[in-house]
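**Student:** Next one to model:
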Amino acid sequence: MRFSPGFRRLLPLLSLVCAISGIIKIADSFTPAGLRQKDFLSPYLMARAIHDGRNPYQPMPELARAYLNLTEFTEYEHMTPHTPLMGLLLSPLGLFGYRTAAFLWACIEFMCLLGALALLGRWWDGGRSLSRIALLAGFAIGWLPVFDDLWSGQIGLLILLLFTGAWLALREGNDVRGGALLGGLFALKLMAWPLLFFLLLRGRWRAIAAAGAVVLLAHLAAAIVMGVEPIAECYLRAGPQVAKLYRTHTMNLSAWTWSQRLFGDWGWALHTTPLLRSPSLAANLAPLAPLLVAALALFAAWRARRFDTAFSVLLLAGIVLNPVGWQHYFALALLPIAIIARNARETGLPRAELLLVGLSLLLLSIGQFMYLLLASLFATGAAPDGLLLLPWWAGMLSLLPVAGLLGLGWAMLRQDPNDHSLDPNPT
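**Tutor:** This is a model prediction of the structure:
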């Protein structure tokens with residue numbers, strides 16, 4: 001896959017345009033209205049509560065009234081969904097005002113992005129080209145999942161850095177370091193569990209032991225700082241509460257919502273008529289889709305000849321296996337995209353697969369409001385609350401980004417060699 005000299009000269013300009021576009025959008029999140037809508041508000045309030053020795057898993061409106069004087073805060077009426085380790089990591093930012101802390105966290109997340117790109121650059125060509133890292137950073141900032149993560153103040157780029165470091169360590173045979181990074185990731189976000197289960201099946205016990213040790217130490221540190229009760233509340237109350245609340249959210253792409261989309265009422269920006277209205281089916285079949293996704297991903301990873309393929313497939317599956325899956329999670333796809341690109345450089349990419357990858361990237365790059373606009377074209381009327389009412393199949397158009405993840409996974413599997421000897425680090 002070669003670019004013409006003229007196109008190569010154009011790339012820096014395109015990267016600069018993407019970077020400026022992303023920065024302008026991210027800057028909008030620091031307006032008074034944007035600050036209220038930032039997801040960063042949740043871990044920031046956790047940090048403030050930890051500093052005061054309060055339970056950080058109180059309802060967010062209570063913490064917002066106590067620390068930000070927001071007497072009519074209705075944006076998030078639940079407890080924080082973040083794990084205790086997230087509260088500990090961000091506790092230093094609780095020493096600053098909210099706007100300053102949000103800016104500092106955006107800078108930290110950007111440094112995480114640069115760190116992940118630097119690691120990928122070292123893997124790609126020894127990291128000899130800093131200009132290439134700058135070029136890729138510009139494109140990344142302009143990519144919707146990345147600037148959405150930075151806009152909202154989420155932790156996706158930190159997770160990307162941990163995933164990238166774990167992947168490099170594990171493919172090099174350093175199971176202790178790789179497992180420890182996955183353990184830290186798991187303590188921050190439960191998204192890494194398919195990879196940990198895969199390592200368990202492969203008998204990579206040192207990686208599992210290192211991951212378990214980090215998870216244990218993280219929770220011991222949290223128990224020392226905030227006590228045992230908040231930790232129990234996190235996993236027994238806060239997590240299930242948030243998962244249940246957002247189960248019917250239009251933008252939640254998690255596999256845990258798919259049965260609800262078929263057999264129940266769902267939609268916050270619009271409503272759909274279920275294929276078959278059955279609350280019992282919607283509830284009882286909720287685990288079926290995640291189980292199928294996990295089983296297929298693990299089967300594909302088990303059959304893969306390359307560790308890179310197995311890791312990428314399980315990473316992509318983990319995005320939709322999380323009980324709540326937002327579009328900014330797609331920033332994690334930067335790792336599989338880089339692997340696909342390098343494989344294509346070394347062995348070429350057939351036109352059909354090139355089109356598949358291009359279409360997948362397009363589906364991941366379009367804002368979800370565009371999918372909702374497309375779905376609204378098929379509205380059959382209005383619901384009692386005035387929102388558009390759609391047939392079930394039109395509502396399923398909001399899941400098109402998931403097809404982008406599936407396309408990348410399929411491309412990874414198509415690039416997997418038939419001979420173990422082609423892979424220096426077989427699974």
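**Student:** In this protein, which helix is the longest?
**Tutor:** In the chain, taking DSSP state H as the definition, the longest helix is helix 98-125.
**Student:** For the helix or strand following that one, which helices and strands make contact with it?
**Tutor:** Per DSSP states H and E, the first helix or strand lying C-terminal to helix 98-125 is helix 130-141. The contact analysis (3 or more CB pairs under 8 Å, 6 or more residues apart in numbering; DSSP states H and E) places helix 130-141 against helix 5-27, helix 98-125, helix 144-152. (C-beta placed from N, C-alpha, C; glycine too.)
**Student:** Now helix 130-141: buried residues?
**Tutor:** 132-133, 135-141 (16 or more other CB atoms under 10 Å).
**Student:** how about the residues you listed in JSON lines, adding pLDDT?
**Tutor:** Below are the buried residues of helix 130-141 laid out as JSON lines (pLDDT from 0 to 100):
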{"residue": "132", "pLDDT": "81"}
{"residue": "133", "pLDDT": "85"}
{"residue": "135", "pLDDT": "88"}
{"residue": "136", "pLDDT": "89"}
{"residue": "137", "pLDDT": "91"}
{"residue": "138", "pLDDT": "91"}
{"residue": "139", "pLDDT": "91"}
{"residue": "140", "pLDDT": "93"}
{"residue": "141", "pLDDT": "93"}
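**Student:** on that earlier part again, could you point out which of the helices and strands packed on helix 130-141 sits nearest residue 281?
**Tutor:** Closest to residue 281 of the helices and strands packed on helix 130-141 is helix 144-152 (CB to CB; 32.2 Å).
**Student:** just checking, next helix/strand downstream of that closest one?
**Tutor:** That would be, after helix 144-152 and using DSSP H and E, helix 156-171.
**Student:** picking up where we left off before, could you redo the buried residues of helix 130-141 as TSV and give each row distance to residue 165?
**Tutor:** As requested, the buried residues of helix 130-141 are exported to TSV (distance: CB to CB, whole Å):
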residue	distance to residue 165
132	19
133	16
135	22
136	17
137	18
138	23
139	21
140	17
141	21
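**Student:** I'd like to know which of those residues is nearest to residue 306.
**Tutor:** Among the buried residues of helix 130-141, residue 136 lies closest to residue 306 (CB to CB), at 22.7 Å.
**Student:** And the closest one, how far from residue 343?
**Tutor:** 17 Å (CB to CB, to the nearest Å).
**Student:** before we move on, what about residue 144?
**Tutor:** Residue 144 sits at a distance of 24 Å from residue 343 (criterion: CB to CB).
**Student:** ok, now residue 291?
**Tutor:** 30 Å.
**Student:** So for the two, which sits in the more crowded spot?
**Tutor:** More crowded of residue 291 and residue 343, by other CB atoms under 10 Å: residue 343, with 21 against 11.
**Student:** ok, and that one, which helix or strand is that part of?
**Tutor:** helix 334-347.
**Student:** following that helix, which helix or strand comes up?
**Tutor:** Following helix 334-347 toward the C-terminus (DSSP H and E): helix 351-365.
**Student:** Let me know the next secondary structure element after that following helix.
**Tutor:** As assigned by DSSP H and E, the chain's next helix or strand after helix 351-365 is helix 368-376.
**Student:** who touches the helix or strand just after that next one?
**Tutor:** Sequence-wise, the next helix or strand downstream of helix 368-376 (DSSP H and E) is strand 381-382. If you take CB atoms under 8 Å, 6 or more residues apart in numbering as the criterion, strand 381-382 is touched by 388-389.
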